[in-house]
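K.L.:
coords please:
(chains A and B)
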Amino acid sequence: MPLSLSEESYLASSLSLRPPCRPDGRDQHQFRPLDASAGILPATNGSARIRLCDGGECIVGIKAEVVESRKEDVALVEVQCDIAGVQSNSPLHTFLCTTLETALRNTLPASRLSIIHRYTYKLFIDGIILDHVSHPLTLFSMTVYLALLDTRLPKLIPSADVASTTTSTSSSDQPIGLPQFESDWQESVPLCDKAWSPPLVQLAVLAGKNVFVDPTGEEAGVGDGAIVVSWHQGKVVGLRTVNTRDSSKQVFSASRDVTEALTRVVS
Amino acid sequence: MSRPEIYSPEGLRIDGRRWNEVRHVRCAINTHQASSDGSSIIEQGNTKVICNVVGPGEPTGGGVGGSGGNQRAKDDNRVILTVKAVVAPFSTIDRRKRSGNDNRVQEMCLTIQHIFEEAVMGHLQPRSQIEISLYVLSQDGGMLQACINAVSLALVDAGIPMYDYVCACTAGMYDKEVLLDLNRLEENDMPFLTMATLGATRKVALMQLETRVGIDRLEPMMAAAMSGCHHLRDVMDAEVRKHGKSRLARTGV
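P.N.:
Here you go, the predicted structure:
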């Protein structure tokens, strides 16, 4: 339900107080409780579901396909989503998908997905946002993060790898057979390990000089602007401002606070 | 190339079932309290469907529920049902992106809408709308039957008066053998029909047969599908009663 003008100004002024006062009594850097589960869909390589306490829910399934990597412009990650109650190809879709896609493409090394020199995995990340009250970016990003942690890829049978190297040394341009994989799923290898973990993208709302993580719909509505922060392995790797309303004043002065706050929260 | 044996001479199917056994059914209601008035999850074998029901509420304008939505919006004396289905791209073995207005999905929505317009006591809620959203997360045959069962459960959870559960089940004909509740491999290999009945009665709410089958084979298929529907009704009823009991216990009555 939309807020009335007086309610809006009350909320805006209570958010820009120092220290601020959020309607649900949360701390500035505090997330709402959420319910997460991973590995819910056995037919996918990785899957996850996150539900927020306000009813927002997102389900993500990841499928890997083997593609030829001969062409240079092959995109190895594709993110798509379906949002209930929003027409497909709306600006919100494009925003969610491109934000996550760029974050993943910038951080995911191609070597992690390559199989043998001609073949590589392509990850298809598909999300369904069943319901959302607040901005779905944080929810979607967290679910993708969890699903990527859950993603397992089949184990390559080493004989195929050896065969490929011998043929490539003996005759240069011989077509090599398709990679062979272990049929036992117990043997599969996880995509993420200590060397690489997926990036997280968070939306933070600014009100006055205060920064709020995990904003509710109302907070985003009265805030001065928002910052999209991509976070990867303890570092902030991307920063972008978004207008949730009309003005974007003071967005840049506060961005340092946001990154500090988020690094602390996420780690 | 060897093909998997659909029905062995010993009378066992690919997944080890007999001809008259349904797949494992797991269902739950009231799973999404925060976002909807009624909700359910149903798993039939590896097919998994989530259903959310919002309503009855004020109609949000015509034209939402597919063709003829405007027409029904003017008809004030009955409830308006809108059905939307999202089939996840990762639900099949090979990833397949369906666009929002995929013909098969649209047709399924319309089918479900027609079934439930009959099953819901619409005259009790004039000038109101019930929104049904379906999410198919994983499919292994019997998408339509799982969707119908999920909608039934979610409507019960939303407390919408209905004449009875609408239960659906598939049956196929392999050579001369009837097989009940097919999975995807079996569906691809034989003619099959989807039947929905109103509770444990012999009233048929839906019968869909998209493949050719001899007229003499139809009757045993229908009989088997009907017995499957009756079994599903018992399973769903048991789950609803279990949930009701647990809720009653929570309120301390």
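K.L.:
per-residue pLDDT, A:Thr44?
P.N.:
Reported pLDDT at A:Thr44 in the predicted model: 91.
K.L.:
need the next SSE after the lowest-mean-pLDDT helix or strand in chain A, C-terminal direction.
P.N.:
When the helices and strands of chain A are scored by mean pLDDT, DSSP states H and E, helix A:158-170 comes last with a mean of 51. For helix A:158-170, the following helix or strand on the C-terminal side (DSSP states H and E) is strand A:189-190.
K.L.:
so what's the closest residue to chain B within the stretch 151-267 of chain A closest to, chain neighbours aside?
P.N.:
Per C-beta to the nearest C-beta, A:Thr151 is where the stretch 151-267 of chain A lies closest to chain B, at 11.8 Å. Just so you know, the C-beta spots here come from the backbone N, C-alpha and C atoms, and that holds for glycine as well. Among residues not flanking A:Thr151 along the chain, A:Gly46 sits closest, at 3.0 Å (C-beta to C-beta, 6 or more residues apart in numbering or on different chains).
K.L.:
isn't the one you found up against A:Arg152?
P.N.:
Yes - when contacts are counted by C-beta atoms under 8 Å, A:Gly46 is listed as touching A:Arg152 (6.6 Å).
K.L.:
which neighbours do these two have in common?
P.N.:
A:Leu191 (C-beta atoms under 8 Å, 6 or more residues apart in numbering or on different chains).
K.L.:
out of the two, which sits in the busier spot?
P.N.:
Comparing A:Gly46 with A:Arg152 by neighbour count (other C-beta atoms under 10 Å in any protein chain shown), the higher total belongs to A:Gly46, at 27 against 19.
K.L.:
quick one: that one and A:Thr98, what's the gap?
P.N.:
With distances taken as C-beta to C-beta, to the nearest Å, A:Gly46 is found 21 Å from A:Thr98.
K.L.:
any idea how far B:Lys245 lies from chain A?
P.N.:
24 Å (C-beta to the nearest C-beta, to the nearest Å).
K.L.:
any buried residues in stretch B:122-132, and which?
P.N.:
B:122, B:125, B:128-132 (16 or more other C-beta atoms under 10 Å in any protein chain shown).
K.L.:
residue 137: which element?
P.N.:
I went with chain A, as the question did not name one. A:Leu137 is part of helix A:136-150, with elements assigned from DSSP H and E.
K.L.:
my bad, the chain I had in mind was chain B
P.N.:
strand B:129-138.
K.L.:
ok, B:Leu185 next?
P.N.:
Assigned by DSSP H and E, B:Leu185 falls in helix B:184-189.
K.L.:
for B:Ala28, list each beta-bridge partner.
P.N.:
B:Ile41 (DSSP bridges).
K.L.:
could you pull out the strands for chain A?
P.N.:
A:34-38, A:46-52, A:57-68, A:77-83, A:119-131, A:152-153, A:189-190, A:200-207, A:210-213, A:225-232, A:235-242 (DSSP state E).
K.L.:
let's have these in TSV, adding distance to B:Arg212.
P.N.:
Listed next are the strands of chain A as TSV, based on distance: least, C-beta to C-beta, whole Å:
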stretch	distance to B:Arg212
strand A:34-38	44
strand A:46-52	38
strand A:57-68	34
strand A:77-83	35
strand A:119-131	35
strand A:152-153	42
strand A:189-190	46
strand A:200-207	52
strand A:210-213	60
strand A:225-232	55
strand A:235-242	56
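K.L.:
compare the mean pLDDT across those and name the weakest.
P.N.:
strand A:235-242 (a mean of 82).
K.L.:
now do that one: which elements does it pack against?
P.N.:
For strand A:235-242, the contact count by 3 or more C-beta pairs under 8 Å, 6 or more residues apart in numbering or on different chains; DSSP states H and E identifies helix A:91-107, strand A:225-232, helix A:251-266 as packing neighbours.
K.L.:
for it, buried residues please.
P.N.:
A:236, A:238, A:242.
K.L.:
convert the C-alpha atoms of that strand to PDB, please.
P.N.:
Extracted C-alpha coordinates of strand A:235-242, given in PDB (Å, rounded to 0.1, in the frame of the first residue of the first chain):
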ATOM      1  CA  LYS A 235      36.800  -6.900  -1.700                       C
ATOM      2  CA  VAL A 236      34.400  -4.500  -3.300                       C
ATOM      3  CA  VAL A 237      34.700  -5.000  -7.000                       C
ATOM      4  CA  GLY A 238      31.900  -2.900  -8.400                       C
ATOM      5  CA  LEU A 239      29.900   0.200  -7.400                       C
ATOM      6  CA  ARG A 240      27.000   1.800  -9.100                       C
ATOM      7  CA  THR A 241      24.400   4.300  -8.100                       C
ATOM      8  CA  VAL A 242      20.800   3.800  -8.900                       C
END
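K.L.:
look at the residue lying closest to A:Gly61 once chain neighbours are set aside and say how many residues are nearby.
P.N.:
Of all residues not flanking A:Gly61 in the chain, B:Phe90 sits nearest, at 3.3 Å (C-beta to C-beta, 6+ apart). By the criterion of other C-beta under 10 Å, B:Phe90 has 29 neighbours.
K.L.:
and what of the one 4 residues further on?
P.N.:
B:Asp94 is flanked by 8 other residues according to other C-beta under 10 Å.
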